[in-house]
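Enquirer: for reference, the sequence and a predicted model appear below.
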Amino acid sequence: MSRETTALVLGEINGPFALETIKLDALRPDEALVEIHATGICHTDLSCATGILPAQVPAVFEHEGAGVVIETGSDVNEVAKGDKVLLSYAFYNKCSQCESGHLPYCEYLLALNFGGQRSDGTSALSLQDGSKLHGHFFGQSSFSRLAVVNCNSLVKLPQNVELALFAPLGCGLQTGAGAILNTLNVQTGSTVAIFGVGSIGLSAIMACQIRQAKEIIAVDIQPS
């Protein structure tokens, strides 16, 4: 069943975002419909919107969404209607990198997250006149009241959590913390320098505290 919802639409590169009514197609078996309650905003979205990174328009961006599942496709088993969920990046789950546990290095990562469409070239989003609207940004395009989400982008949350606190985990927090906990694998007593102390850098600092780093050096061009 198709639906209507409101979303922030970028009509042209380096143009303004506009709140518009858009149409959503019926779900595919591997998709879920999520009512977005909170979303972060990432520098990647702004870079796509201003043309620094390639993007197709008109489009709905954003990839730090959190919300409640409204409906699920027939192949979605990890979440159900009414579940609170965190949304993150999309991955194929069947390539050699995914099957070896290296999901961030999925062979189809760029196409699935930056392609602006499903893997078959279609989009679940359209404008009021029926013309194609690029979406599926990082499997979600969460600058929308309702988002059609790839099943691999869904993470089930406890029902008692505050969604606004969990939304940035989808990108910024896991990027900063993952660099410290996984990539660098910082150990107790280490000295760590972090260049750039925005949301990603601050997340790295928190992870350094968890790992009990001896000295944490934060470097930023902003005195504050």
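Expert: Now that the structure is in, tell me what you want to look at. Numbering: from 1, shown residues only.

Enquirer: most distant residue from the centre of this structure?
Expert: Gly189 (33.1 Å; C-alpha atoms, centre = their mean).

Enquirer: for that one, give me its contacts.
Expert: For Gly189, the contact set (C-beta atoms under 8 Å, 6 or more residues apart in numbering) comprises Gln212, Ala213, Lys214. Glycine gets a C-beta too; all of them are placed from N, C-alpha and C.

Enquirer: output stretch 22-29 as CSV, restricted to C-alpha atoms.
Expert: Presented in CSV, the C-alpha positions along stretch 22-29 are these (Å, rounded to 0.1, in the frame of the first residue of the first chain):
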residue,chain,number,x,y,z
ILE,A,22,6.1,13.0,-0.8
LYS,A,23,4.8,9.5,-1.8
LEU,A,24,6.1,6.2,-0.5
ASP,A,25,5.7,3.0,-2.5
ALA,A,26,4.6,-0.3,-0.9
LEU,A,27,7.3,-2.1,1.0
ARG,A,28,9.6,-4.7,-0.6
PRO,A,29,10.0,-8.0,1.4
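
Enquirer: distance from that stretch to the middle of the chain?
Expert: Relative to the chain's own centre, stretch 22-29 is displaced by 19 Å; criterion: C-alpha atoms, centre = their mean, to the nearest Å.

Enquirer: mind listing residues that contact it?
Expert: By C-beta under 8 Å, 6+ apart, the surrounding residues in contact with stretch 22-29 are 1-7, 9, 33, 60, 71-76, 118, 122-128, 130, 133, 144, 146, 148.

Enquirer: equivalent analysis for stretch 121-136, please.
Expert: Contacts of stretch 121-136 (C-beta under 8 Å, 6+ apart): 7, 9, 20-25, 27-28, 31, 55-60, 90, 112, 115-118, 141, 144, 148, 150.

Enquirer: buried ones in it?
Expert: Ser123, Ala124, Leu125, Ser126, Lys132, Leu133, His134, Gly135, His136 (16 or more other C-beta atoms under 10 Å).

Enquirer: pull up the distance across that stretch, start to finish.
Expert: 11 Å (C-alpha to C-alpha, to the nearest Å).

Enquirer: now that stretch, how far from the chain's geometric center?
Expert: Here stretch 121-136 is found 19 Å from its chain centre; the criterion is C-alpha atoms, centre = their mean.
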